[in-house]
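Enquirer: Predicted model, plus sequence, below.
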Amino acid sequence: MALEEDPTTLLKLESACSDLKTLLRASEETEENLGNTDTRLDLLQRSLSTASKRIVPLQSLAMSRKALDSRITRALAPALALLNTFKLTECLQNSLVELSTRLSSEKPLQKRLERLLEYTKYVDQLNEGLSNISDEVEVVIQKLQEVVEFISRTKAADQYREARLREALGTLKGLYEIEVDEMRFQGLLDQALVHVQDEFEGLLLRMKLRNLQGDLVHQHGDDFRELGSELEIEVLRRISTTLAANDCLDICIDIYVKARYRRAAKALMKLNPDYLRTYTPEGIEEMEWETLETATTLWIQHLEVAVKKVLLAEKKLCERVLGDFMEGLIWPECFIKISDKIMAVFFRFGEGVARSSKEPQKLFKLLDMFESLEKLKPEMSQIFEGEPGLDICTRFRELEKLIIDASSKVLWEFGLQIEGSIDGLPPAQDGSVPKLVRYAINYLKYLTTVNYRTSMVKVLRTQQTWEDRSINDMSSDEGLLKHAISNVMEALQRNIEAKRMCCRDKVLVHVFTMNTYWYIYMRTKDTELGEVLGERCMKEDYKAVAEESAYLYQKQAWGGLVRVLDGNDVRGEGKGSVGRVVSEKIEAFFKGLNEVCESHARGVYSIPDVDLREQMREATVRLVVPAYAEFLEGYSGLLQRKGYPSVERVKELVGKAFDWGKLKRRTSAASSDWNAARNSGSLERDVRSGNGGGDI
C-alpha cells in the first residue's frame, strides 16, 4: 500500500535494479577481458625477451662509439689549437718579411729604432708560436696515439679508417721530428735572429762618447755623459731579451763585449796614445827624456779620461742593457771583460816606467803618476767594485806600490849617484860652481815646492811603513822629508870636499869653496828647501863655510900685498937704504897687484854671483887701498922716483879686478831654471860627471 502510495520510490528501485544488472554484465565482460590481457601480456613478455636479446649487441656498439667520440673530441681540441698556432706563425712570418724590407730601407735613426722595436716584438711572438707548436705537437701526437690504439683494440672502425689514422699519426711525428726543428733553427726565425744580432751589433758600435779631446783639456769637469738615448737603450734591452729567450745569450754577450770594447778602444785611440806601444823597461830606457816626459804626462791625462769618462760610461750602459739577466750577475762580468784589456795597456806602461832605471829627473814624473793614482782611488773602487773587478783593483794597487818604491829609490839613489860622481879631479880653473851643485840644489828646491812636497812625504811615509824603519826625528812628515833631503845634501858636501882636496891652487880652493857654498846658501835661503833644512843648518853648514872661505881667499890672494907694504921692515933699515927698501916694496906691491888683477881678469878666480862679487870688491878695496894710502903717505918722500899711481888709481885697479866678463843674470825664476836644466837632455850624465856649465 505504501509503495503504491509513493510512485517515486518504486521508480528508484527499478532504476537501481537496472544498474545492478548492468554492473553485473560489465563485470563479466571485464573478467573476460582480463583473461585476454593475461594472454597478451604473456605474448608481450615473450616478445620483449626476444628483443632484449637482439638489442644487447647494439648497446655495446653504441657505447663503443660514444667512447671513440670522446677520445676523438679530446684529440681534436689540441689539434685545432695546433692548426690555429700554425696559422698565427704563418702570419707572423709574413709580417716579419714585410717589416724586414721596410727596416732595411729606413734611414732616420728614430724611425729605424721604432721599426726595430716592432720587428723584435714580432720575433718574440714567432718564437712563442713555434714554442707552442713544439709543446702542442707532443700533446696532439699523444692523443692521436691513444685513438689509434683504442681503434686497434676495439675494432671501432674499419681497416681503411684505421690505416688513415695511422698515416696521419706518422706524418705528424715526422713533422715534429724534422719540420718543427727546422722552423726553429733553420727557418725564418733563425734568419730573423741573425738580423737582430746584426742590428744589435750595429747599434752598439754606433753609440760613442764625443769630445774626449775636450775632456782632456777640461779634466776637472763633472759633466758625465751617458751613452745612448732612452729609445736606443730600450731597443738594446729588447734585443738582448729576445736573444736570451732564443738560447742566444752567450752570442749576445759576445757581441756586446766585442762591440763595446772596439768602440771604447777607438774612442781612446783618438787621443793618440802611441806612447803606450812602448811599455817594457828596456824600451823605456831607449826613449829620449823629452819623449818620456811627454808620454808620462799624457799617460796621466789619458788614464783619468779612460776611467772617469769612458769606462764609467761603459759601466752605466752595460748595467742598463744587461742588468736584468741572472739577477744582475751577467753585466759586471761583461763590463770587466771590456775594461780589462784597456786598463792592462795603461798598467803595462806605468809598470814599465816604474821598473826602468832610477834616473833623478824621473822622480817628478813618478810623483805626478803617484798623485794621479791617489786621486783615482775613489773612482777605481766605485767603478770596479765587487769580485769581478778584484783583479783590476789589485793590479792598480800593485802599480801604485811600484811607483812608490821607484820614487823612494830615485831620491835615495840620487845621493849615491852624487857621491859616486867623485872623479878625483880638481874644481874648474875659474873656481865656478859645479853644474852638479847647481843641478842638485835646483832639483831639491823643486822637490820641496807645494807641487811635490806633499806627494814626496806620502811616498816616504808609505815606504817607511812597509820597511818599518826606526830613524830619529821621523815622527813628523817634516822629519821624513828633512832626513831624505839631508842625505842628498851630505852627499853633495862630500863631493865638494873631495874636489877641494884635489885642488893645489891655494887661492882657487878658497874661491871655489866660497862660490859653491855661497851659491847653496843664497839659492836655498827663503825657500821651501831652506825651511826643510832649517835656519841653523843653513847658517852653520853653508853660510859660515862660505864666509870663512871668503876670508881665506882675501887673505891668500890680497893679504900678501898688504904684507908687502908693512912699515916695520922700513924702520929697521939704515938711512942709506930706506929709500931703496921703500922703492922695492912699491915695486913688489905693484908687481903682485898686477899678477892678481891679471889672474882675475883672465877669469882664473871668478866670482859669478853679483852680490858676492860686490861684497868681495868692497872688502878688498877696504883691505888694500888704505894700506897703500898709508904707506904712500908715510914714505912718499923717500921714493927715488915720482909718478907712482895715486890712491884712487889703485882703488880703481883693485875694483876692476872684479869686473872680468860680468855674467848676465838670468831673469827666469827658480822653476824656470829647473825646467831649463831638466830639458837639457843630459841631466843624468851631468849628475854622474859633475861637469860645469852655465849659471841657473
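Expert: Right, received. Where do you want to start?
Enquirer: what comes up buried for stretch 623-630?
Expert: Across stretch 623-630, burial judged by 16 or more other CB atoms under 10 Å covers 623-625, 627-629. C-beta here means a position set from N, CA and C on the backbone, and glycine is covered the same way.
Enquirer: taking the residues you listed one by one, which sit in helices?
Expert: With DSSP state H as the criterion, helices contain 623-625, 627-629 from among those.
Enquirer: In TSV, list those residues along with pLDDT and distance to Met538.
Expert: Formatted as TSV, those follow (pLDDT from 0 to 100; distance: CB to CB, whole Å):
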residue	pLDDT	distance to Met538
Leu623	90	27
Val624	89	31
Val625	90	33
Ala627	87	34
Tyr628	86	37
Ala629	87	38
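Enquirer: tally of neighbours for Gly352?
Expert: For Gly352, the count of nearby residues is 19 (other CB atoms under 10 Å).
Enquirer: Please name the residues that touch it.
Expert: Gly352 makes contact with 278-281, 283-284, according to CB atoms under 8 Å, 6 or more residues apart in numbering.
Enquirer: Relative to Leu399, how far out is it?
Expert: For Gly352, the distance to Leu399 equals 11 Å [CB to CB, to the nearest Å].
Enquirer: same check, this time on Cys17
Expert: 144 Å.
Enquirer: Compare neighbour counts for these two and give me the winner.
Expert: Leu399 (22 against 10).
Enquirer: Isn't that one up against Gly350?
Expert: Yes. With contact defined as CB atoms under 8 Å, Leu399 reaches Gly350; the gap is 5.0 Å.
Enquirer: ok so, going back, with distance to Phe335 added, can I get the ones in helices among the buried residues of stretch 623-630 in TSV?
Expert: Putting those into TSV (distance: CB to CB, whole Å) gives the following:
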residue	distance to Phe335
Leu623	80
Val624	82
Val625	84
Ala627	87
Tyr628	88
Ala629	90
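Enquirer: so which of these comes closest to Arg46?
Expert: Leu623 (175.4 Å; CB to CB).
Enquirer: And the helices in the stretch 301-450 of the chain?
Expert: Per DSSP state H, counting those that start in this stretch, the stretch 301-450 of the chain carries helices over the ranges 312-322, 330-355, 362-383, 390-420, 435-447.
Enquirer: and those, which is most packed in?
Expert: helix 435-447 (a mean of 23; mean count of other CB atoms under 10 Å).
Enquirer: Beyond it, next helix or strand please.
Expert: Per DSSP states H and E, the first helix or strand lying C-terminal to helix 435-447 is helix 453-467.
Enquirer: Buried ones in the helix or strand just after that following helix, by neighbour count?
Expert: Of the helices and strands lying after helix 453-467 in sequence (DSSP H and E), the nearest is helix 477-502. Buried positions in helix 477-502, judged by neighbour count with 16+ other CB under 10 Å: 479-489, 491-493, 495-496, 498-500.
Enquirer: got any ranges where the stretch 401-550 of the chain has weak pLDDT?
Expert: By pLDDT under 70, the low-scoring segments of the stretch 401-550 of the chain are 468-475.
Enquirer: and if we set it to 80?
Expert: 423-424, 466-478 (pLDDT under 80).
Enquirer: got it, and the stretch 151-300 of the chain?
Expert: Looking at the stretch 151-300 of the chain by pLDDT under 80, you get 151-192, 210-225.
Enquirer: Report the distance from stretch 403-412 to the chain centre.
Expert: 23 Å (CA atoms, centre = their mean, to the nearest Å).
Enquirer: Other residues contacting it?
Expert: So stretch 403-412 is contacted by 350, 353-355, 358-360, 362-363, 366-367, 369-370, 373, 447, 456, 459-460, 462-463, 484, 487-488 (CB under 8 Å, 6+ apart).
Enquirer: Show the average pLDDT along stretch 315-326.
Expert: Computed over stretch 315-326, the mean pLDDT rounds to 90.
Enquirer: on that earlier part again, output the helices of the stretch 301-450 of the chain in a markdown table, with distance to Val532 appended to each entry.
Expert: Converted to a markdown table, these look like this (distance: least, CB to CB, whole Å):
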| stretch | distance to Val532 |
| --- | --- |
| helix 312-322 | 39 |
| helix 330-355 | 26 |
| helix 362-383 | 16 |
| helix 390-420 | 13 |
| helix 435-447 | 8 |
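Enquirer: Ok, which of those helices comes nearest Val647?
Expert: Of all the helices of the stretch 301-450 of the chain, helix 435-447 comes closest under CB to CB, at 38.9 Å.
Enquirer: could you say what helices and strands the closest one packs with?
Expert: helix 362-383, helix 390-420, helix 477-502, helix 506-524, helix 528-533, helix 670-678, helix 683-689 (3 or more CB pairs under 8 Å, 6 or more residues apart in numbering; DSSP states H and E).
Enquirer: relative to helix 477-502, how tilted is it?
Expert: Going by axes from the mean of the first three to the mean of the last three CA atoms, to 10 degrees, helix 435-447 is angled at 170 degrees with respect to helix 477-502.
Enquirer: Off-centre distance for helix 435-447?
Expert: 35 Å.
Enquirer: Stretch 626-635 now?
Expert: Using CA atoms, centre = their mean, the offset of stretch 626-635 from its chain centre is 81 Å.
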